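next input, structure requested:
(one chain, ligands or ions: 2)
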Amino acid sequence: MLEGLDLTPAPAGAPGLQIDAAAASRIHRKADPSYYIETYGCQMNEHDSEVMAGILEKMGYRRVPELEAADLILFNTCAIREHAVERTLGRMAALKRLKYVKPEVIIGVGGCLPQQEGAVERIKKRAPHLDVVFGTHNLYRLPQLLESAQTSEYPVIEVWDAEGEVIENLPAVRPEGVKAWVTIAYGCDKKCTYCVVPYTRGKERSRRPGEIVEEVRGLAAQGYKEVTLLGQNVNSYGKDFAPAAYDFGDLLLDLDRIQDLERVRFMTSHPRDFTRKMVDAIAQSRVVCEQFHLPVQSGSNRTLKRMLRGYTREKYLDLVNYVHDRVPNAVITTDIIVGFPGETEEEFQDTLSLLREVEFDSAYTFSFSVREGTPAARMKGHLPEEVKKDRLNRLMEVQNEISRRRMMAAVGSTLEVLVEGPSDKNPDVLSGRDRGGRLVLFEGPASAGAASGGPGVLTGQLVPVRITEARTWTLYGVRRENELGRRQLAEAAPAEEVSA
Ligand code: 5AD
Ligand code: SF4
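Ligands and ions are numbered 1, 2, ... in the order given. Below is the predicted model of the structure:
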């Protein structure tokens, strides 16, 4: 560990947030008020909603599953693509009637959308019945904002441009289970020309390693088996420390020593900042999973340059090859944008050829969406929607075929699966993920427990599953012990009993 860098967490009882447990009843002038949060976008937003829920529950709110029943309704929004924005605005606009018949309900909108240029005006126009608008930097001010909303005739709007210090010791309500999210850094210092994130989430701020290790240790002690480390660019973690000599690889190795923790995943990576040292740390660690989400965005060097991604196709391929060399069975996935302004058919073909060359396990594919205020919005050569759509379809066709092939390659192998519980559709089938992050469904002895309403005795355990079938997104298998058990039973039993 590094000298001169304070790795220790803030002392217990450090300032954090002072929350009044009677605040919710005071705001709503009733006992036991309830809240409902609707979340859009990435895992970072999902985790922010867990923090919002933590703050609200400390204020005395109780969560309800239906929007109509809540005294407080919050939207945690995403601004990454126009499609997401339109969906949220439509949803908020539709609450006009609810607000009319139940004027005492408080409706709020937070997250990335209000941070975007011009968005507050857009929100006010489409949903004038909203009571509170806040951004990503002042989430922890929720108690004060809700108090003001209660007394104010007009919507309370507080969106901060500047991000300020990292606030530690915020409460979070995580779903019970085996997996938890942990933020390691906020914001992003890259300036990819299509992306709104640096504007909505501000500059990069890493949490102190000691705070992160302590949080993960606490989660492991509570019974969580897997944590996913979150950041817009996890690979640049620690660059804002002075002196900056503790990096993402060091953090992974520190987390590797935590007892009772089984798995660590991370997202999202930036290929430019993913060093060989970090790949080596992953190769060497016990808990860090062989899952690499490496957004490439394009296979064309000219497009990558105009996207300001900071690497070439060749450099990206070097990284992928190094991952394959050092981490056997690595599952590699990516993000692709088609139809970036000025993208020619030939450049698009370069992306298709990259997909074929790398053979990604899967890819999240997007059609370029103009984000006001970003450099790409001002570029020449915006493509017609039909062209973008056509490229997206062709891209998905190529990738789906590759994904299917990659999944088929797992058939016959035995994978370590962390069981998350009964599957959504069939309580007799258990659902979990392998180390590569792939969804695995299998039948197991715990299914009886699950069917009777419990989580099933295997939930939270690592079990070997032999894969017997694969589809594009899901692997199917049998629990290895079951299979062995059946065979041994068959061998031991008289012939007529076995055939019966
Ligand atoms: N248009 C389309 N896709 C985008 N992404 C980010 N910004 C845009 C945009 N303006 C995609 C990138 C990123 C993922 C989270 O969303 O592929 O990796
Ligand atoms: Fe956006 Fe690029 Fe930062 Fe990712 S690395 S959040 S794409 S600016």
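
partners of Trp181 in the sheet?
As for beta bridges, Trp181 partners with Thr228 under DSSP bridges.

confirm for me that Ile212 is in contact with Leu251.
Yes. With contact defined as Cβ atoms under 8 Å, Ile212 and Leu251 form a contacting pair (6.6 Å). C-betas here are computed from N, CA, C, even on glycine.

touching both of those two, which residues are there?
184, 229 (Cβ atoms under 8 Å, 6 or more residues apart in numbering).

can you name the residues of the stretch 401-500 of the chain sitting close to ligand 1?
Applying Cβ under 6 Å from any ligand atom, we find that the stretch 401-500 of the chain lies next to ligand 1 at no residue.

where do the strands sit along the stretch 401-500 of the chain?
For the stretch 401-500 of the chain, strands defined by DSSP state E, counting those that start in this stretch occupy the ranges 414-422, 429-433, 439-443, 462-470, 474-479.

now mean pLDDT and mean neighbour count too, for the ones you listed, in TSV please.
TSV is the format used below for the strands of the stretch 401-500 of the chain (pLDDT from 0 to 100; neighbours: other Cβ atoms under 10 Å):
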stretch	mean pLDDT	mean neighbour count
strand 414-422	94	22
strand 429-433	94	23
strand 439-443	94	20
strand 462-470	95	18
strand 474-479	94	20
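
so can I have a markdown table of these showing distance to Gln222?
Written out in a markdown table, the entries for the strands of the stretch 401-500 of the chain read as follows (distance: least, Cβ to Cβ, whole Å):
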| stretch | distance to Gln222 |
| --- | --- |
| strand 414-422 | 16 |
| strand 429-433 | 19 |
| strand 439-443 | 25 |
| strand 462-470 | 18 |
| strand 474-479 | 26 |
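
for Lys179, grab phi and psi.
In terms of degrees, to the nearest 10, the main-chain angles of Lys179 are phi -120, psi 150.

pretty sure it sits against Gly223.
No. Shown here, Lys179 and Gly223 do not form a contact pair, counting by Cβ under 8 Å, at 11.1 Å.

more neighbours: which of these two?
Lys179 (18 against 12; other Cβ atoms under 10 Å).

from the stretch 401-500 of the chain, which residue is nearest to ligand 1?
Distances between the stretch 401-500 of the chain and ligand 1 by Cβ to the nearest ligand atom are smallest at Gly437, namely 16.2 Å.

and that residue, what does it touch?
265, 289, 291, 331, 333.

redo that, cut-off 6 Å
Residues in contact with Gly437, defined by Cβ atoms under 6 Å, 6 or more residues apart in numbering, are Gln291.

secondary structure element for Leu392?
Element membership for Leu392 (DSSP states H and E) is helix 385-408.

what angle separates that helix from strand 462-470?
When axes from the mean of the first three to the mean of the last three Cα atoms, to 10 degrees is applied, the directions of helix 385-408 and strand 462-470 differ by 120 degrees.

in helix 385-408, what counts as buried?
By neighbour count with 16 or more other Cβ atoms under 10 Å, helix 385-408 contains the buried residues 387-388, 390-392, 395, 398-399, 402-403, 406-407.

report the mean confidence score over that helix.
With pLDDT averaged residue by residue, helix 385-408 scores 97.

same thing with stretch 339-356?
98.

over to stretch 327-334?
Averaging the model's pLDDT scores along stretch 327-334 yields 96.

got it, and stretch 301-315?
Here the mean pLDDT over stretch 301-315 is 98, rounded to a whole number.

stretch 122-133 too?
Throughout stretch 122-133, pLDDT has a mean value of 94.

repeat that for stretch 142-154.
When pLDDT is averaged over stretch 142-154, the result is 89.

same check on stretch 205-217?
Averaged across stretch 205-217, the pLDDT comes to 96.

then that stretch to PDB, C-alphas only?
C-alpha atoms of stretch 205-217 as PDB (Å, rounded to 0.1, in the frame of the first residue of the first chain):
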ATOM      1  CA  ARG A 205     -13.800  11.600  -7.900                       C
ATOM      2  CA  SER A 206     -12.500   8.400  -6.500                       C
ATOM      3  CA  ARG A 207     -13.600   7.200  -3.100                       C
ATOM      4  CA  ARG A 208     -10.700   6.400  -0.600                       C
ATOM      5  CA  PRO A 209      -9.600   2.800  -0.800                       C
ATOM      6  CA  GLY A 210     -10.200   2.300   2.900                       C
ATOM      7  CA  GLU A 211     -13.800   3.400   2.600                       C
ATOM      8  CA  ILE A 212     -14.400   0.900  -0.200                       C
ATOM      9  CA  VAL A 213     -12.600  -2.000   1.500                       C
ATOM     10  CA  GLU A 214     -14.600  -1.300   4.700                       C
ATOM     11  CA  GLU A 215     -17.900  -1.200   2.800                       C
ATOM     12  CA  VAL A 216     -17.200  -4.400   1.000                       C
ATOM     13  CA  ARG A 217     -16.000  -6.100   4.200                       C
END
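
that one near ligand 2 at all?
No. For stretch 205-217 and ligand 2, the contact criterion (Cβ under 6 Å from any ligand atom) is not met; the two come no nearer than 13.5 Å.

what does that stretch contact?
Stretch 205-217 is contacted by residues 7-9, 166, 168, 182, 184-187, 227, 237-238, 240, 251, 254-255, 258 when judged by Cβ under 6 Å, 6+ apart.

nothing else from me, thank you.
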